[in-house]
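Asker: Fold the following and give me the result.
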Amino acid sequence: MAQIDYNRKSVRDDILDRARHKASKWLSYQVSGAEQLVGQVGGISKNKRPLLTLDPDYVLKPLLLDHRGIRELSYYELLNAASHTSGTRAYIDLVASMRERVTQSWIDVVAFSIAFLLQDPVVLECEGRILKAWAKVEDEAKLLRRLYRFVPSYFGMVRHNALEDSQSGMSPPAMAGPYGIEEDCYVLLQDVTVHFEKPCVIDLKMGFRTYEPDAPLEKKTREFEKYPHQETFGFRIVGKRIYIPSHKEAGDHGFVFYPKDVGRSFGSYEGLQDAFVTFFGLQTLDPSLIPSRLKTISNILLKLRSLQRWFRDNKQFCFYASSLLIAYEGAENADVNPDMVIVDMIDFGRVRRQKGGDPGYLKGLTTVSSLIEATLSQWGVKAEEK
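Answerer: Got it, this is the predicted structure:
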């Protein structure tokens, strides 16, 4: 089931209020001056608003107007609550506000307390269920607290309207969706590559499938046909950007872009292996810089394995249509810090509680890890023990 009761207006309003308030600690709720992110590698479509950047180190991700927008916002709020110093308490309070509330009069509370003191078996059974539910949510909070370091920092929700009437100087009114989100609303996130000189990025759509179990048959068929091999490998490549200034297809800044159509062309493990070798640029790199690049790749592998451990422990959440962003410094000089790598989860519009966790995402991580291990092996580096 979805993590929140997003069909209830009171729940949606609470989430939106929290997100607006959080953003006001950093910026005004209505911001201006953001520019389109240069080098976006995933989620690019003529029908979608692009990612924006805002000084000094923010990314504005457009919120979808349908249920995915409010669900994504709520998941960031849950992650943020779980990461607090008061973690479990803050998380439990937020979870309670997102589900159906049961009101009780003071007479009901007193009667319950007296019955509990008298060891009424019916009340004791009810108390036992409450304690079990409390323990379950507490475990959930601890699990998400561990995941927080694999997600870009979240700063709330802002509005940004780049369209302005040339005569009046005023922005046209934004259209509101059915779940309270307007078309100029964005999630305010940390720009994870802001400190990179030449960030090389690959965007992987993770899991066996990118649709939820209750999706219409048409949606399931359309998504499956995009890349049938996803049910085998547990992921597909959505896009990648590599710094290869000597490449004939490199742009003005030295980057080569590979769109999502290229990612859908890999029908074998060997094809994916070649794609990762290309992504890490070892074949075109100056030989003197290869040891540092191999260290970078090893550090990415270590982060992937850490995320794998989380997914092995995860028995509550499934991340349909979520992506994994991997980035490293592609600048070709001796000063590159091989420890500066990114392995972050993004896109949380279809997260739901699901018994058994997310075996598809875990399979994808396992496949990616094995591909990176094979890449290191080709260059004579033995991956560290898991």
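Asker: ok, now which ones touch the residue nearest to the spatial centre of the chain?
Answerer: For the chain, the residue nearest the mean C-alpha position is I346 (1.8 Å; C-alpha atoms, centre = their mean). By C-beta atoms under 8 Å, 6 or more residues apart in numbering, the residues touching I346 are V151, P152, S322, S323, L324, L325. (Glycine included, C-beta is placed from N, CA and C.)
Asker: Strands - which of those residues land there?
Answerer: Here DSSP state E is the test, and those give S323, L324, L325 as lying in strands.
Asker: Go through those and name the one nearest P287.
Answerer: Distance to P287 across the ones in strands among the contacts of I346 (C-beta to C-beta) is lowest for L325, with 28.9 Å.
Asker: Spatially, what comes nearest to that closest one if we skip its sequence neighbours?
Answerer: With C-beta to C-beta, 6 or more residues apart in numbering as the criterion, L325 has its nearest non-adjacent residue at 4.8 Å, and that residue is D344.
Asker: and that neighbour, backbone torsions?
Answerer: Phi and psi for D344, reported as degrees, to the nearest 10, are phi -130, psi 140.
Asker: for this structure, what spans make up the strands?
Answerer: Using DSSP E, strands in the chain cover 35-36, 52-54, 58-62, 154-159, 185-190, 199-206, 235-243, 255-258, 317-319, 323-329, 341-346, 351-353.
Asker: rewinding a little: between the contacts of I346, which is nearest Y58?
Answerer: P152 (10.2 Å).
Asker: contacting residues for that closest one?
Answerer: By C-beta under 8 Å, 6+ apart, the contact list for P152 reads V59, L189, Q190, V192, D344, I346.
Asker: Most neighbours of all those residues, which one?
Answerer: When neighbours are counted by other C-beta atoms under 10 Å, V59 leads those with 23 neighbours.
Asker: how near is that one to Q36?
Answerer: Separation of V59 from Q36 (C-beta to C-beta, to the nearest Å): 11 Å.
Asker: what sits in contact with each of the two?
Answerer: Contact criterion C-beta under 8 Å, 6+ apart; residues shared by V59 and Q36: L51, L52, T53.
Asker: Give me the buried entries from the residues you listed.
Answerer: Buried subset of the shared contacts of V59 and Q36 (neighbour count, 16 or more other C-beta atoms under 10 Å): L51, L52, T53.
Asker: what's the closest of those residues to K219?
Answerer: Distance to K219 across the buried ones among the shared contacts of V59 and Q36 (C-beta to C-beta) is lowest for L51, with 24.1 Å.
Asker: so who does that closest one touch?
Answerer: Counting by C-beta under 8 Å, 6+ apart, L51 has contacts Q36, L37, Q40, G43, V59, L60, K61, P62.
Asker: Quick check, the residue nearest to L325 in contact with Q190.
Answerer: No: the pair D344 and Q190 does not pass the contact test of C-beta atoms under 8 Å, sitting 9.5 Å apart.
Asker: Name the helix or strand of the chain that has the lowest mean pLDDT.
Answerer: helix 106-117 (a mean of 45; mean pLDDT, DSSP states H and E).
Asker: What is the neighbour count of G360?
Answerer: By other C-beta under 10 Å, 21 other residues sit near G360.
Asker: Same question for the one 10 residues further on.
Answerer: Other residues near S370 number 15, with proximity taken as other C-beta under 10 Å.
Asker: what does the one 3 residues further on give?
Answerer: A count of nearby residues for E373, using other C-beta under 10 Å, gives 20.
Asker: Specify which member of the buried ones among the shared contacts of V59 and Q36 is nearest to I372.
Answerer: L51 (25.9 Å).
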